[in-house]
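1. Sequence and predicted structure below; questions after.
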There are 2 protein chains.
Amino acid sequence: MDSRLPVKRGPKPKPGTREKLIRSGIEAIHASGYGGTSIQSIVEAANVPKGSFYNFFPSKEAFASEVIDAYSKRGQERLRSFLLNQDVAPRARLEAYFDDRIEAFRTSQYVRGCLMGNFSAEAADQSALIRDGLTKHFGAWTQLLETCIAEAQKQGEICDQFSASLLAKFLLNSWEGALLRMRAEKSDNPLLDFKEIVFKRLL
Amino acid sequence: MDSRLPVKRGPKPKPGTREKLIRSGIEAIHASGYGGTSIQSIVEAANVPKGSFYNFFPSKEAFASEVIDAYSKRGQERLRSFLLNQDVAPRARLEAYFDDRIEAFRTSQYVRGCLMGNFSAEAADQSALIRDGLTKHFGAWTQLLETCIAEAQKQGEICDQFSASLLAKFLLNSWEGALLRMRAEKSDNPLLDFKEIVFKRLL
């Protein structure tokens, strides 16, 4: 190919297009799954020309990885707003966070669950890029939980039979499993069962 | 349409075709997800004519529901082989079952997870038929765990702070969550964390 020829590209990206695509991607993949979402449906929902997608993302997989980043960061902000609240004792912060999530799932009629859990089920085996994103972000969530649990252990609110790190990982994984069952049963019972055992026995 | 005209159908089904399709469906959907599996790929893997698919299953959704049935029944047989083993104390039966599963996931390099968990993540919101199948089968698995836990509680092996029913539901859901994280991290750590907390603290 003659390198002096202009490379054919999609329309020049406007500011904000990238963010629109990511927002639409979170919405669409959360609702229909990774396999069930086409690039076409994402650009249509974002109301941007299809060519602009490839200006930003070399592939659907690369896009998915950024969707996971953005989704996780948004969720972590909410988690932080509870876990770093110094007006509340650390164990109560944890409980308030899960109560908030249960209320949100009730409002949304128990759909969608956690996008990171969904990607783990649907695409983790097929894509190292997606897997790396999930591992990084599950790690970040675990770290936030761990810090709060360690603080509660230090104050004697949570027993120290297990390390804060182990408890945090178990908590997050159990919660992800409860969300799966919630979606199958369309009820908050699995989330309430989680809370019952975790807060009456583990923490 | 003239009702005397013969209805156009696929080739007459041979015995075993249905079973071949289900077996191929379990394999394909477990490996590539529900959205990632086409009817074409299933009939090709089963080595049967495409028309025969519709002799047995009115839709991909109806097929998926039967795939869940068959997968769950196969898994329940294995679960039963551990939990009904009267030569072993009930709590040790539970532990042996999870050890067996961890070994199997190690051997398969931490892929695929639980097909019922995957369907919960990918298709439970979209299909009442799939949801009903999942609820029924998760219920059957829970019941098997519950019976064994109740036996262990009766023998004083497991503390009775919580009902066997609640413990069984929590156990199954937490395990499903640990499988999600296993697939993201490609490691048995989440499964070992599950065992550590469940068997050292809960049961």
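-> Right, received. Where do you want to start? Numbering: from 1, shown residues only, chains lettered A, B, ... in the order given.

2. start to end distance for stretch A:33-40?
-> Using C-alpha to C-alpha, to the nearest Å, the end-to-end distance of stretch A:33-40 comes out at 15 Å.

3. So which bits of that stretch are buried?
-> Of all the residues in stretch A:33-40, those buried under the rule 16 or more other C-beta atoms under 10 Å in any protein chain shown are A:33-37, A:39. C-beta coordinates here come from the backbone N, C-alpha and C atoms, glycine included.

4. Likewise for stretch A:191-200?
-> A:191, A:193-195, A:197-198.

5. Among those, which lie within helices?
-> Of the buried residues of stretch A:191-200, the ones assigned to helices by DSSP state H are A:191, A:193-195, A:197.

6. On the three-state scheme, residue A:160 is what?
-> Look at residue A:160: counting by DSSP: H, G, I helix; E, B strand; the rest coil, its state is coil.

7. what's the closest of the buried residues of stretch A:33-40 to chain B?
-> residue A:35 (2.8 Å; C-beta to the nearest C-beta).

8. what about residue A:123, distance to chain B?
-> 8 Å (C-beta to the nearest C-beta, to the nearest Å).

9. buried ones in the helix or strand bottoming out on mean pLDDT in chain A?
-> Sorting the helices and strands of chain A by mean pLDDT, DSSP states H and E puts helix A:50-56 at the bottom, at a mean of 93. Within helix A:50-56, the residues that count as buried by 16+ other C-beta under 10 Å are A:52-53, A:55-56.

10. Kindly report the same for stretch A:130-145.
-> By 16+ other C-beta under 10 Å, the buried positions in stretch A:130-145 come out as A:130-131, A:133-135, A:137-138, A:141-142, A:144-145.

11. Around the residue nearest to residue A:203 when sequence neighbours are not counted, count how many other residues there are.
-> Of all residues not flanking residue A:203 in the chain, residue A:158 sits nearest, at 4.9 Å (C-beta to C-beta, 6 or more residues apart in numbering or on different chains). Per other C-beta atoms under 10 Å in any protein chain shown, the neighbour tally for residue A:158 reads 22.

12. for residue A:158, what are its contacts?
-> A:90-91, A:149, A:152, A:167, A:203 (C-beta atoms under 8 Å, 6 or more residues apart in numbering or on different chains).

13. Closest one of these to residue B:111?
-> Set against residue B:111, the nearest of the contacts of residue A:158 by C-beta to C-beta is residue A:167 (27.4 Å).

14. so how far is residue A:174 from that closest one?
-> 10 Å (C-beta to C-beta, to the nearest Å).

15. got any ranges where chain A has weak pLDDT?
-> A:1-15 (pLDDT under 70).

16. can you tell me which helix in it is longest?
-> Per DSSP H, chain A has its longest helix at helix A:128-154.

17. Buried residues of the following helix or strand past that one, list them for me.
-> Using DSSP states H and E, the next helix or strand after helix A:128-154 towards the C-terminus is helix A:164-185. By 16+ other C-beta under 10 Å, the buried positions in helix A:164-185 come out as A:164, A:166-185.

18. rewinding a little: just put the buried residues of stretch A:191-200 in CSV and tack on distance to chain B.
-> Below are these laid out as CSV (distance: C-beta to the nearest C-beta, whole Å):
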residue, distance to chain B
A:191, 10
A:193, 5
A:194, 7
A:195, 10
A:197, 5
A:198, 9
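
19. which of those residues sit farthest apart?
-> A:191 and A:197 (11.4 Å).

20. Distance of residue A:39 relative to residue A:119?
-> 17 Å.

21. Show me chain A divided up by domain.
-> Following automatic domain parsing, one gets these domains for chain A: A:9-57, A:60-202.

22. Serialize these to TSV and add fields for distance to residue B:73.
-> TSV is the format used below for the domains of chain A (distance: least, C-beta to C-beta, whole Å):
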stretch	distance to residue B:73
domain A:9-57	26
domain A:60-202	17
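
23. nearest to residue B:61, of these?
-> For residue B:61, the closest of the domains of chain A is domain A:9-57, at 13.0 Å, according to C-beta to C-beta.

24. who's in contact with the residue lying closest to residue A:109 once chain neighbours are set aside?
-> Using C-beta to C-beta, 6+ apart and skipping the chain neighbours, the partner closest in space to residue A:109 is residue A:186 (7.0 Å). Contact analysis of residue A:186 by C-beta under 8 Å, 6+ apart lists A:109-110, B:131.

25. May I have the secondary structure class of residue A:35?
-> coil.

26. Quick check: it touching residue B:29?
-> No: using C-beta atoms under 8 Å as the test, residue A:35 is too far from residue B:29 to be in contact (10.9 Å).

27. What distance do you get for the residue lying closest to residue A:114 once chain neighbours are set aside to residue B:131?
-> Counting by C-beta to C-beta, 6+ apart, residue A:114 lies nearest to residue A:179, which is 5.4 Å off, once chain neighbours are set aside. Distance, residue A:179 to residue B:131, by C-beta to C-beta: 14 Å.

28. Quick one: distance of stretch A:151-169 to the chain centre.
-> 24 Å (C-alpha atoms, centre = their mean, to the nearest Å).

29. and what of stretch A:61-81?
-> The answer for stretch A:61-81 is 6 Å, by C-alpha atoms, centre = their mean.

30. How about the contacts made by the nearest residue to residue A:120 once chain neighbours are set aside?
-> Excluding the flanking residues, the one nearest residue A:120 by C-beta to C-beta, 6+ apart is residue B:180, at 4.1 Å. The neighbourhood of residue B:180, defined by C-beta under 8 Å, 6+ apart, consists of A:117, A:120-121, A:173, A:176-177, A:180, B:113, B:117, B:121.

31. what about 10 Å?
-> By C-beta atoms under 10 Å, 6 or more residues apart in numbering or on different chains, the residues touching residue B:180 are A:114, A:116-121, A:124, A:134, A:138, A:173, A:176-177, A:179-180, B:113-114, B:117-118, B:121, B:190.
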